[in-house]
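Asker: Got a predicted structure here, sequence first:
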Amino acid sequence: MAKLGPGVVVGGLTLGAMAVVGALAFQANGLAPRAAAVPAATAAPSPSATAPAEPAAPALPNDSGAGLRVVYALKAHQVWLVDPRKNPQVVGAFKVVPGSVDPAAGSYTVFGRTAAGTGTDGRQIEHVVRFAQQAGTVFGFSAAVDENAPVPPADPKVKTGGIRSTRADGQSLWDFAPNGTRVVVIP
């Protein structure tokens, strides 16, 4: 068996590292906003070609607490991800679909997370972030893996505390809220 000299090994490691850096740079380039690459004169398409704009998320309510937190508004079915170290403090906001039972208003702490599983409705879910348990019902955020699958009819005898978001919003919440993160539920 032939021995490789240190120069060959170092050269091979350097080439491998450059390939990894190149792949990461390629991925990062795909994540960059495309508008920055378009000249300002052509950045905005004609009004007839644009899709309807999504309504802006409602402002973060004043009674939502302080510090790093997830805020869930029961009536509005709205979630805000709040990091006071950032400017703006709201780093994410999105609509959700509640389960059949709502948690009581109050302050909670994320106590469990599961990457994937099956919801009480039988659908495959991911990014489960649990924060409360009341009267035998566990409350948590999750996203259905197949967002386009028909939702099975709800069983009126089963109390569900799953609060569903889109997969993209579920990923954002998962990344934002590890165990120990505060969840503030407001009316």
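Answerer: Great, that's in hand.
Asker: any low-confidence regions in this protein?
Answerer: The model of the chain has pLDDT under 70 over residues 1-55.
Asker: now do 90
Answerer: 1-58, 120-122, 147-159 (pLDDT under 90).
Asker: quick one: the strands in it?
Answerer: Per DSSP state E, the chain carries strands over the ranges 69-73, 78-82, 90-95, 106-109, 112-118, 124-134, 137-144, 162-165, 182-186.
Asker: Could I get the ones you listed in TSV, plus columns for mean neighbour count and distance to residue 152?
Answerer: For glycine as for every other residue, the C-beta is placed from the backbone atoms N, C-alpha and C. Listed next are those as TSV, based on neighbours: other C-beta atoms under 10 Å; distance: least, C-beta to C-beta, whole Å:
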stretch	mean neighbour count	distance to residue 152
strand 69-73	22	24
strand 78-82	21	24
strand 90-95	16	21
strand 106-109	14	28
strand 112-118	12	12
strand 124-134	20	12
strand 137-144	23	11
strand 162-165	23	13
strand 182-186	21	26
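Asker: Tell me which of the ones you listed lies nearest to residue 57.
Answerer: Evaluated over the strands of the chain, closeness to residue 57 peaks at strand 90-95, with 3.5 Å, by C-beta to C-beta.
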